[in-house]
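Trainee: only the shape, not the letters, is given here:
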């Protein structure tokens, strides 16, 4: 499937796949002109521009996830856990990274900062009801199926 991608700034880097079978494509930081890096303090956040916009097809959604390498080695991950990009959004993709570690982390301009996965999205309609079907679990919540 081809996904149209527009560079909003000349020096933007189009998303790339790390391997042929990778589920997602890597998104790159594109800091403001003249800025070579951005420091993210412990427990701090930074909104990274990417300089690109994408056209996600109708019936699909873009999901922005952490890259496993920077999440495990540098404790940098999207502050909202998973970013959602709707099919009708045409603005710049931006990644709000949070530093969950105890040391300041520096992100370089052009560094891979997150991954974008595009997946089908069902067209649902919410219907109010007075009753829901019965299940074995019922309304049992957190930990109800065991903790180990």
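Mentor: It's in. Quick caveat: nothing in here was measured; it's all calculated off a predicted structure.

Trainee: any stretches of this structure with poor pLDDT?
Mentor: For the chain, no stretch is flagged by pLDDT under 70.

Trainee: and the most centrally placed residue in it, how far is that from residue 35?
Mentor: With the centre of the chain defined as its mean C-alpha position, the nearest residue by Cα atoms, centre = their mean is residue 64, 1.6 Å away. Computed with Cβ to Cβ, to the nearest Å, the distance linking residue 64 and residue 35 is 22 Å. No exception for glycine: its C-beta is placed from N, CA and C like everyone else's.

Trainee: thought the residue nearest to the centre of the chain was touching residue 89?
Mentor: No - shown here, residue 64 and residue 89 do not form a contact pair, counting by Cβ atoms under 8 Å, at 11.7 Å.

Trainee: coming back round to it: measure the residue nearest to the centre of the chain to residue 85 for me?
Mentor: According to Cβ to Cβ, residue 64 and residue 85 sit 7 Å apart.

Trainee: element containing the residue nearest to the centre of the chain?
Mentor: Element membership for residue 64 (DSSP states H and E) is strand 60-65.

Trainee: perfect, that will be all.
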